[in-house]
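Visitor: Next input, structure requested:
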Amino acid sequence: MREITGLPQKLAQKIARLFLLFALSACSYHDLSPDFPTQAKSMQAESFSCCADPEKFYPDPIARLGLIWGDTIGAELAQAAYGDYDDGEYPGKLTGKTEAHERITALLRPLDLLVISNKSYFLGRLMPGQFSHSLIYVGTEAQLRAAGLWSLPEIVPYHDQIRAGNIYLEAATPEVQLTSIAKAYEVDKVVAMRPTLSGADKRQAITRIFASLGKPFNYSMDLDPSHDSFVCTGLIDYAMPGLNLTRRELYGRTTILPDDLASQAIRGDKLDVITYVIGTDEGHTRRSTFALMVDIAAYWGVPTPDQSE
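Guide: Reported below is the predicted structural model:
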């Protein structure tokens, strides 16, 4: 059949797929219980967890169909979703706020991690949770030299990029790539975290992330055991396996949610919170670890004693 409802078939299919993603993004909203403020006061950092029943926000058949399409047409959908920002800035309450960017970056050391939230565009609302993406801080030339990592063979080809300010690394559409400070912070919220790594762990991590540059983004959001493609959290898991990040099954796929990284850092389990910063209409503000707990619990609900981590 050449046309559907008067539209060329390919165009009609694209519209249908985008409609599906809009529908999924709408499902990700949630209602707070009237008892939430009282329940939240009982939360303790050392036992904090999140993400129970991660499939509850999306209808199973629709979610599975979306993941199947992610395998086959992810790049096309990403272009449709992000294409308007290719030559400009992504919306976000921290976008363009260089004072905030510099303050956060000044706290970081090579291989620190970020989880970010950007609900300003609809794909930012598809990942279940308060946070939707993760990045790895590579570090400046001076920091890498001080750490004895600057001359590693995997890093040498990227010296010019690092010197140019591309000091964050991410698995994002279309591939694993280095990115600038300004691009890294085109977001609404940022949690910076420090992993507990030995010297050998750091060398393995930096080697693995730089060797992964150019590998394709995994649009189906699962963990590729062959390491030929990466979802953002999957790259961290591959680079730093000793962190023992929480894996979850979502609609037949094994993945790692950014909210689980933040929750692990709140507990101080091989990750520690460095800072939590949110953008405001006037600028930015730094918030407490307890505020981070409240924000995550506002999405998932206050964790119960028997909730698995």
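
Visitor: if I look at the most centrally placed residue in the chain, how far off is A184?
Guide: Ranked by distance to the mean C-alpha position of the chain (C-alpha atoms, centre = their mean), the top residue is H133 at 1.3 Å. H133 sits 10 Å away from A184, going by C-beta to C-beta, to the nearest Å. Every C-beta, even on glycine, is put in place using the N, C-alpha and C of the backbone.

Visitor: Same check on W300?
Guide: 26 Å.

Visitor: that older thread, between H133 and A184, what contacts are shared?
Guide: Common neighbours of H133 and A184, counting by C-beta atoms under 8 Å, 6 or more residues apart in numbering, are I116, E170.

Visitor: sorry, back to before: now do the contacts for the residue nearest to the centre of the chain.
Guide: Contact analysis of H133 by C-beta under 8 Å, 6+ apart lists V115, I116, N118, G124, M127, E170, A172, V187, C232, P258.

Visitor: swap in N218?
Guide: A171, D224, S229, F230, V231, G234.

Visitor: So which residues of the stretch 101-250 of the chain form helices?
Guide: Using DSSP state H, counting those that start in this stretch, the helices of the stretch 101-250 of the chain run over residues 141-146, 159-163, 181-184, 199-211, 232-239.

Visitor: Kindly compare burial across these and name the winner.
Guide: Neighbour counts (mean count of other C-beta atoms under 10 Å) averaged over each of these peak at helix 232-239, with a mean of 24.

Visitor: by how many degrees do that one and helix 199-211 diverge?
Guide: Angle between the axes of helix 232-239 and helix 199-211 is 130 degrees (criterion: axes from the mean of the first three to the mean of the last three C-alpha atoms, to 10 degrees).

Visitor: so what does helix 232-239 touch, helix or strand wise?
Guide: If contacts are counted by 3 or more C-beta pairs under 8 Å, 6 or more residues apart in numbering; DSSP states H and E, helix 232-239 sits against strand 133-137, strand 168-172, helix 199-211, helix 258-267.

Visitor: Can you check what angle separates that helix from strand 168-172?
Guide: Angle of helix 232-239 versus strand 168-172, following the same axes, to 10 degrees, is 120 degrees.

Visitor: May I have the secondary structure class of the closest residue to R103 other than its chain neighbours?
Guide: Nearest non-adjacent residue to R103, counting by C-beta to C-beta, 6 or more residues apart in numbering: V277, 7.7 Å away. Put simply, V277 is strand when judged by DSSP: H, G, I helix; E, B strand; the rest coil.

Visitor: low-scoring stretches of the protein, by residue?
Guide: Low-confidence segments of the chain (pLDDT under 70): 1-32, 57-89, 119-126, 305-309.

Visitor: show me where it has strands.
Guide: 3-4, 7-8, 113-117, 133-137, 168-172, 175-179, 189-195, 248-250, 253-255, 271-279, 284-287 (DSSP state E).

Visitor: In its sheet, which strands sit next to the last one, and in what direction?
Guide: It refers to strand 284-287. strand 271-279 (antiparallel) (DSSP bridges).

Visitor: I'd like the distance from the partner strand to the chain centre, please.
Guide: Per C-alpha atoms, centre = their mean, to the nearest Å, the displacement of strand 271-279 from the mean C-alpha position of its chain is 14 Å.

Visitor: Count the neighbours of K97 for me.
Guide: The number of residues packed around K97, counting by other C-beta atoms under 10 Å, is 18.

Visitor: List the residues that contact I278.
Guide: Listed by C-beta under 8 Å, 6+ apart, the contact set of I278 reads K93, L94, D188, K189, V190, H284, T285, R287.

Visitor: how close does F290 sit to A40?
Guide: Following C-beta to C-beta, the distance that separates F290 from A40 is 9 Å.

Visitor: Name the residues contacting each of the two.
Guide: Contacts common to F290 and A40, judged by C-beta under 8 Å, 6+ apart, are absent.

Visitor: could the helices and strands packed on helix 232-239 be laid out in JSON lines, adding distance to N218?
Guide: Converted to JSON lines, those look like this (distance: least, C-beta to C-beta, whole Å):
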{"stretch": "strand 133-137", "distance to N218": "13"}
{"stretch": "strand 168-172", "distance to N218": "7"}
{"stretch": "helix 199-211", "distance to N218": "15"}
{"stretch": "helix 258-267", "distance to N218": "15"}
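
Visitor: before we move on, the earlier item: farthest-separated two in the contacts of N218?
Guide: A171 and D224 (10.4 Å; C-beta to C-beta).

Visitor: Between those two, point out the one with more neighbours.
Guide: Between A171 and D224, counted using other C-beta under 10 Å, the more crowded position is A171 (27 against 16).

Visitor: list the contacts for the more buried one?
Guide: Applying C-beta under 8 Å, 6+ apart, the residues contacting A171 are S212, K215, F217, N218, F230, V231, C232, G234, L235.

Visitor: so the second one touches E175, yeah?
Guide: Yes. Taking contact to mean C-beta atoms under 8 Å, the distance of 6.2 Å between K215 and E175 places them in contact.
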